[in-house]
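Q: Predicted model and sequence follow; I will ask about them next.
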Amino acid sequence: MVRLRTAVICLEEKRNRRTRKKYCRAEKEIEELKQRNLDIRTAKDLLTEDLEQLRGDLQKALILKNTAQMNVSRAKGAKGRERERIFRIAGRECPNRAADRRDS
């Protein structure tokens with residue numbers, strides 16, 4: 001009977017050791033997953049900041065592009081008006097206007 005009891009105690013201790021090992025592995029895995037989760041959150045926050053910065057940079061670039069387009073358009077208009085003024089001073093009709101009248 002003592003042998004049986006000793007064998008049972010021995011098996012229980014063995015089972016307890018295995019359970020403790022499993023528990024320790026599970027705790028370690030949980031800690032690793034928590035760290036991984038923290039790393040992912042940090043990366044996400046950094047990417048969000050980068051995205052906001054890029055959106056701001058894009059907005060500035062679009063403003064510059066639109067301003068440049070408006071300046072080109074104004075310059076073309078001014079050039080056309082200046083050309084017409086010069087032709088008027090010379091007493092001739094501007095070729096672009098003559099072509100416009102023919103097309104009408």
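A: Structure received. Residues are numbered from 1 along each chain as shown.

Q: per-residue confidence for G91?
A: On the pLDDT scale, G91 is placed at 75.

Q: just R3 next, same as before
A: pLDDT, R3: 78.

Q: residues near it, how many?
A: R3 has 7 neighbours, counted by other CB atoms under 10 Å. For glycine as for every other residue, the C-beta is placed from the backbone atoms N, C-alpha and C.

Q: which SS state does it fall under?
A: helix (DSSP: H, G, I helix; E, B strand; the rest coil).

Q: ok, it to L11 distance?
A: Distance, R3 to L11, using CB to CB, to the nearest Å: 12 Å.

Q: Tell me which other helices or strands the helix or strand hosting R18 touches.
A: Following DSSP states H and E, one finds R18 within helix 2-90. Counting contacts by 3 or more CB pairs under 8 Å, 6 or more residues apart in numbering; DSSP states H and E, helix 2-90 packs against helix 95-103.

Q: how about K60, what does it touch?
A: For K60, the contact set (CB atoms under 8 Å, 6 or more residues apart in numbering) is empty.

Q: pLDDT score for it?
A: 98.

Q: now the helix holding R18, how far from the chain's geometric center?
A: 7 Å (CA atoms, centre = their mean, to the nearest Å).
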